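Colleague: Quick one, what's the 3D model for this:
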Amino acid sequence: MTDAGEVAEAVDAAARRSYGRLVAALAAPTRDLALAEDALAFAFERALELWPGAGVPASPEGWLMTVGRHRITDVLRSAAHRTSVVLDEARDAPAPPPEPDPFPDRLLALLFVCAHPAIEPGIRTPLMLQSVLGVEARAIAAAFAVPAPAMAQRLVRAKRRIRDAGIAFEVPDRSRWSERLPPVLEAVYGAYAIARSGSAGPDLREEALHLGRLLADLLPDEPEVLGLAALLHLAAARDDPGRTVFVPLDEQDPATWDRALLARGEEYLHRAAAHGRPGRFQLEAAIQSAHGARAITGEVDREAIRRLSAALVRVAPTLGARVAHAVAVARVDGPAAGLAVLDDVAGADAFQPAWAARAALLAAAGCEAEADRARQRALELTVDPLEREHLATRMPRI
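Modeller: Numbering: from 1, shown residues only. This next block holds a predicted model:
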């Protein structure tokens, strides 16, 4: 017998570690994302039922995959499926000759599948984050600064539309990769950002880095792909997965940064810049590079960061970019100028970085009472327990 608590921990660990890969592998034969998700959910339920008596298997993921595949087989053999027109046509049609799989990773392939043009553009990236990368709807909602119930409803509606419209989940041929690339890049970066915020474990961080490298190898002539790879590596160079306290970027010791990741990020960035087509991820990587230069020069070129952040807002005026620009302006022109920029940022009421930045700017301007109120709001929105502890004991600074 195995303790129920141990079983629950083993199931949770398998979900965190391998959810996306399991869904990708289960969906590959049928291209049916909903069926794969349902089959995996069934496998997790069976694990919770059977592992207390049988024990946790040596390979939890292998066990879950086997049960999931059997579940899919049972569903496809059911009377409902045997009588469906779609399956009858597929059964009677001659099988096409197998084509070589251009994707070196099934998870990456499923990301491109989820970027199908028939799926509403605004939900493609959240759908990838949840269905392929296993991120909870709550964490996705926080990243997109929308209420969690609203995000959950959007995801449910998207999956229902996929099912009802009969959208074919097929890996696109190479000629369609470019049109599906933007939401894929957004999903990979979103996964990294969510993992970094403390909403997911280090496995998701490593998965995002892995996917970034795969994309760069697969599409070496796409500057934004190289820009994303550069951004991920430059940012990850300063990560400390084993950290026990939150340390703001400006207070980090550059001697602790990973020089190999910094060098690899710079290599990707130079390759991207050689194409002469700057874009969002290249600009974000350039900002990270400017911060990373402190490891060599001991200083940060704040004016360069302000110019880069202004360019980023023109190219991609996301909430994160606009808040970061306000901080960059404040570091050059003072807190009042930064607050003026921040006041023009709409839709930031549920965006934690906006409130943390406001608290820092107000404190720097000497508005202590208002700064404390902003910090309290930032605390309410903070997911990372280490950052929450930091904010609770100390006012953020610019």
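Colleague: Which element, helix or strand, includes Ile140?
Modeller: helix 137-144 (DSSP states H and E).
Colleague: Which positions in that helix come out as buried?
Modeller: Buried residues in helix 137-144, counted by 16 or more other CB atoms under 10 Å: Ala137, Ala139, Ile140, Ala141, Ala142, Ala143, Phe144. Just so you know, the C-beta spots here come from the backbone N, C-alpha and C atoms, and that holds for glycine as well.
Colleague: now, which of those residues sits nearest Gly166?
Modeller: Ranked by distance to Gly166 (CB to CB), these are led by Ala137 at 24.5 Å.
Colleague: What lies in contact with the helix holding Ile140?
Modeller: Contacts to helix 137-144, defined as CB atoms under 8 Å, 6 or more residues apart in numbering, come from residues 126, 129-130, 147-148, 150-152, 155, 190, 193-194, 197, 199-200, 350, 352, 381, 383.
Colleague: That helix: how far from the chain's middle?
Modeller: Averaging C-alpha positions (CA atoms, centre = their mean, to the nearest Å) puts helix 137-144 10 Å from its chain's average.
Colleague: Now do the helix or strand following it, average pLDDT.
Modeller: Next helix or strand after helix 137-144 toward the C-terminus (DSSP H and E): helix 148-165. Helix 148-165 carries an average pLDDT of 83.
Colleague: Identify each buried residue in helix 148-165, please.
Modeller: Of the residues in helix 148-165, those buried (16+ other CB under 10 Å) are Met151, Ala152, Arg154, Leu155, Ala158, Lys159, Ile162.
Colleague: Next, the angle from the helix or strand where Leu40 lies to helix 148-165.
Modeller: Using DSSP H and E, Leu40 sits within helix 33-54. For helix 33-54 against helix 148-165, the angle by axes from the mean of the first three to the mean of the last three CA atoms, to 10 degrees is 110 degrees.
Colleague: Average pLDDT for the helix or strand following helix 33-54, rounded please.
Modeller: Note on helix 33-54: by DSSP H and E, the next helix or strand toward the C-terminus is helix 60-76. Mean pLDDT, helix 60-76: 91.
Colleague: Next: stretch 325-345.
Modeller: Averaged over stretch 325-345, pLDDT sits at 97.
Colleague: gap between it and the chain center?
Modeller: 27 Å.
Colleague: Please point out which parts of that stretch sit buried.
Modeller: Here stretch 325-345 shows 325-331, 335, 338-339, 341-342, 345 as buried, counting by 16+ other CB under 10 Å.
Colleague: Grab the nearest non-local neighbour of the residue at minimal distance from the centre of the chain.
Modeller: When CA atoms, centre = their mean is applied to the chain, the residue found nearest the centroid is Ala191 (1.6 Å). Of all residues not flanking Ala191 in the chain, Ala208 sits nearest, at 4.4 Å (CB to CB, 6 or more residues apart in numbering).
Colleague: Could you dump the buried residues of helix 148-165 into a markdown table and include distance to Leu269?
Modeller: Converted to a markdown table, the buried residues of helix 148-165 look like this (distance: CB to CB, whole Å):
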| residue | distance to Leu269 |
| --- | --- |
| Met151 | 32 |
| Ala152 | 37 |
| Arg154 | 34 |
| Leu155 | 34 |
| Ala158 | 34 |
| Lys159 | 37 |
| Ile162 | 36 |
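Colleague: List just the nearest of the residues you listed to Ala310.
Modeller: Met151 (30.1 Å).
Colleague: who touches that closest one in this structure?
Modeller: Pro126, Ala137, Arg138, Ile140, Ala141, Phe144.
Colleague: Off-centre distance for the helix or strand containing Leu228?
Modeller: Secondary structure from DSSP H and E places Leu228 in helix 223-236. Relative to the mean C-alpha coordinate of its chain, helix 223-236 is positioned 13 Å out (CA atoms, centre = their mean).
Colleague: same thing with stretch 40-52?
Modeller: 27 Å.
Colleague: hmm, who's touching the helix holding Leu40?
Modeller: 1-4, 7-8, 10-11, 14-15, 19, 22-23, 26-27, 30, 57, 60, 63-65, 67-69, 71-72, 75, 110, 113-114, 131, 159, 162-163, 169.
Colleague: Weed out the non-buried ones from those residues.
Modeller: 7, 10-11, 14-15, 19, 22-23, 26-27, 57, 60, 63-65, 67-69, 71-72, 75, 110, 113-114, 131, 159, 162, 169.
Colleague: picking that back up, go through the helix holding Leu40 and flag the buried ones.
Modeller: Buried residues in helix 33-54 (16+ other CB under 10 Å): 33, 35-40, 42-44, 46-47, 51-52.
Colleague: swap in stretch 375-394?
Modeller: Arg375, Arg377, Ala378, Leu379, Leu381, Thr382, Val383, Glu387, Arg388, His390, Leu391.
Colleague: Restricting to C-alpha, output that stretch in PDB.
Modeller: Presented in PDB, the C-alpha positions along stretch 375-394 are these (Å, rounded to 0.1, in the frame of the first residue of the first chain):
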ATOM      1  CA  ARG A 375       2.500  48.400  -2.900                       C
ATOM      2  CA  GLN A 376      -0.500  46.800  -1.100                       C
ATOM      3  CA  ARG A 377      -2.300  46.400  -4.400                       C
ATOM      4  CA  ALA A 378       0.900  44.800  -6.000                       C
ATOM      5  CA  LEU A 379       1.000  42.400  -3.000                       C
ATOM      6  CA  GLU A 380      -2.500  41.300  -3.700                       C
ATOM      7  CA  LEU A 381      -1.600  40.500  -7.300                       C
ATOM      8  CA  THR A 382       1.800  38.800  -6.600                       C
ATOM      9  CA  VAL A 383       2.000  35.100  -7.300                       C
ATOM     10  CA  ASP A 384       5.600  34.400  -6.500                       C
ATOM     11  CA  PRO A 385       5.800  33.800  -2.700                       C
ATOM     12  CA  LEU A 386       9.400  35.000  -2.500                       C
ATOM     13  CA  GLU A 387       8.500  38.300  -4.300                       C
ATOM     14  CA  ARG A 388       5.500  38.700  -2.100                       C
ATOM     15  CA  GLU A 389       7.700  38.400   1.000                       C
ATOM     16  CA  HIS A 390      10.100  40.900  -0.500                       C
ATOM     17  CA  LEU A 391       7.300  43.400  -1.200                       C
ATOM     18  CA  ALA A 392       5.800  42.900   2.200                       C
ATOM     19  CA  THR A 393       9.000  44.000   3.900                       C
ATOM     20  CA  ARG A 394      10.400  46.500   1.500                       C
END
